[in-house]
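Q: here is a sequence together with a model predicted from it:
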Amino acid sequence: MSSRTADIDFTFARELTVRTTIGALAATGWTLEEPLSYMVNDDGLYDWQSTTRDHTQDVLAVLDAPEHANHHVAVCIYHWEASTGGQLLFFPGRRTCSFIPTIHRRRLPDSVDFTDLCWYMHTLVPPLLTVGLKSYEARDIGH
């Protein structure tokens, strides 16, 4: 079986905040993963941290802090009903972000090597439209 990498890249009409994006995604069942995993790349190391959900407001404040606007930041999100999730990576300038299904990646029923990108787009695109989604590109690449 080949290994696969899947992601969905989103482009927005305006700058996002992590807080607003997570709030919009909650409409289709997405929440922050427990333990809460997040990353601020202010040193080129992509060093992930983890904490408990009772620190959610602090983590969102760090990710949205003005001093991190020109850094990559990320947080792991999870869809409890579907038992899947992944990394939501925000790029410098906050007009683009990517979703990478890294937690119990959903696979196509008749072709288990491939990611069910349609399911992810169905649950991610509608709420992101409410925060200014302009376009998206989805990929499932075999290695």
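A: Cool, the structure landed.

Q: secondary structure of residue 102: a strand, I assume?
A: Yes: under DSSP: H, G, I helix; E, B strand; the rest coil, residue 102 falls within a strand.

Q: any idea how many residues pack against it?
A: Residue 102: 14 surrounding residues under other Cβ atoms under 10 Å. (C-beta placed from N, C-alpha, C; glycine too.)

Q: residues touching it, list them.
A: Residue 102 is in contact with 76, 85-87, counting by Cβ atoms under 8 Å, 6 or more residues apart in numbering.

Q: ditto for residue 58
A: Going by Cβ under 8 Å, 6+ apart, residue 58 touches residue 51.

Q: sec struct for it, please.
A: Put simply, residue 58 is helix when judged by three-state DSSP.

Q: from residue 40, how far out is it?
A: Distance of residue 58 to residue 40, given as Cβ to Cβ, to the nearest Å: 13 Å.

Q: now the strands for this protein?
A: In the chain, strands defined by DSSP state E lie at 4-12, 30-32, 36-41, 48-51, 72-79, 84-90, 96-103, 107-108, 111-115, 133-142, listed in chain order.

Q: least reliable of those strands going by mean pLDDT?
A: The stretch with the lowest mean pLDDT among the strands of the chain is strand 111-115, at a mean of 85.

Q: the contacts of residue 102: which two are farthest apart?
A: Farthest apart among those by Cβ to Cβ are 85 and 87. That separation is 8.5 Å.

Q: need the residues touching each of those two.
A: 76-77, 102.

Q: just name the closest of those to residue 93, please.
A: residue 77 (20.7 Å).
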